[in-house]
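Visitor: sequence unavailable; structure follows:
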């Protein structure tokens, strides 16, 4: 029992977070995102996509500062516990001031 728990904890600590950031324009932007959405994918997101219209959120394409997606620890844990069937991610849109 202890060995199984130790091995499980080892693999949980090996799992990491991942963030992809796409800088659209340089400039000053709020630290808080203008929009944050949870994207829920299944089977690792194979063949799936989620579209977020950042230009609509920021009021024009020239007002988009950056867009980022993040796989947090909890998201990775949920994916691990479901054997990759459920794979959530967070998407954020930041607008220029």
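Guide: Yep, that arrived. Quantities reported herein were computed from a predicted structural model and do not represent experimental measurements. Residues are numbered from 1 along each chain as shown.

Visitor: so what's the residue count around residue 67?
Guide: The number of residues packed around residue 67, counting by other C-beta atoms under 10 Å, is 20. To be clear about C-beta, it is placed using only N, CA and C from the backbone, and glycine gets the same treatment.

Visitor: which one is it nearest to, not counting chain neighbours?
Guide: Leaving aside its sequence neighbours, residue 67 sits nearest to residue 22 (C-beta to C-beta, 6 or more residues apart in numbering; 4.8 Å).

Visitor: list the contacts for the one you found?
Guide: Residues near residue 22 by C-beta atoms under 8 Å, 6 or more residues apart in numbering: 66-68.

Visitor: at 10 Å what do you get?
Guide: 54, 64, 66-69 (C-beta atoms under 10 Å, 6 or more residues apart in numbering).

Visitor: what's the answer for residue 23, then?
Guide: With C-beta under 10 Å, 6+ apart, residue 23 has these contacts: 29, 64-68, 94.

Visitor: who does it bridge with?
Guide: Residue 23 has these beta-bridge partners by DSSP bridges: residue 66.

Visitor: need the pLDDT of it.
Guide: Looking at residue 23, its pLDDT stands at 92.

Visitor: what separates it from residue 65, distance-wise?
Guide: 7 Å (C-beta to C-beta, to the nearest Å).

Visitor: on that earlier part again, out of the contacts of residue 23, which one has the lowest pLDDT?
Guide: Ranking the contacts of residue 23 by pLDDT, residue 29 lands last with 85.

Visitor: number of nearby residues for the closest residue to it other than its chain neighbours?
Guide: Excluding the flanking residues, the one nearest residue 29 by C-beta to C-beta, 6+ apart is residue 65, at 3.7 Å. Neighbour count of residue 65, defined by other C-beta under 10 Å: 21.
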